[in-house]
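Undergrad: Need a 3D model of the sequence below.
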Amino acid sequence: MDNKIERTLVLFKPDAVQRGIVGEILTRFERVGLKIVGTKMIFPDKSHYHRHYEEIGKMVTRRGEKAFDMTLNFMTQGPVIAMVLEGIESVELVRKIVGGTEPKTAIPGTIRGDYSHMSFGYADERSVGIPNLIHASGDSREAKEEIRHWFKTSELYDYPVAHEKFTR
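TA: So this is what the prediction gives:
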């Protein structure tokens with residue numbers, strides 16, 4: 001794989017699944033030319049999320065124990081759809097499409113800016129995780145670790161898509 005062609009993890013969080021907007025959101029990733037190379041619905045337990053958010057993402061270090069606990073409680077409210085997307089500099093591209101972590105300040109035109117609106121302050125006052133629809137890997141290192149955590153190698157596929165003649 002070309003070193004600019006990357007894979008990144010996207011999680012459609014419980015709020016995206018329960019609102020029934022996964023397909024609409026997924027269309028945005030496909031329209032820019034990202035290729036789905038792995039996908040599954042899963043209902044992880046807290047230990048799975050602990051590995052994801054703390055051992056890989058260092059959330060407690062970055063945001064504190066309270067934010068970590070609220071996130072785990074939020075994420076275990078329902079199943080998620082885990083997906084690996086592939087494309088040119090896909091980690092950065094997906095983060096741009098998804099928008100800022102806080103829905104209130106996410107720019108219109110991004111997924112969070114168009115489909116969510118809660119502020120960190122509102123969520124914190126109620127001690128709830130913020131419903132921001134999507135998790136997107138933060139950087140290439142994180143993406144590789146997260147993909148290994150969520151997917152077996154046998155669950156990831158390499159296949160041609162029509163637009164690759166323009167990008168490879």
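Undergrad: On the three-state scheme, I36 is what?
TA: Of the three states, I36 takes strand under DSSP: H, G, I helix; E, B strand; the rest coil.
Undergrad: again with the one 5 residues further on
TA: Secondary structure for M41, judged by three-state DSSP, is strand.
Undergrad: Which residues are in contact with it?
TA: Residues near M41 by C-beta atoms under 8 Å, 6 or more residues apart in numbering: 17, 79-82. From N, CA and C alone the C-beta is placed, and that goes for glycine too.
Undergrad: Helices - which of these land there?
TA: Secondary structure assignment (DSSP state H) places V17 from the contacts of M41 within helices.
Undergrad: mind putting the contacts of M41 in CSV, pLDDT included?
TA: CSV is the format used below for the contacts of M41 (pLDDT from 0 to 100):
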residue, pLDDT
V17, 98
P79, 98
V80, 98
I81, 98
A82, 98
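Undergrad: Who wins on neighbours among the contacts of M41?
TA: Ranked by the number of neighbours (other C-beta atoms under 10 Å), the contacts of M41 place V80 first, at 26 neighbours.
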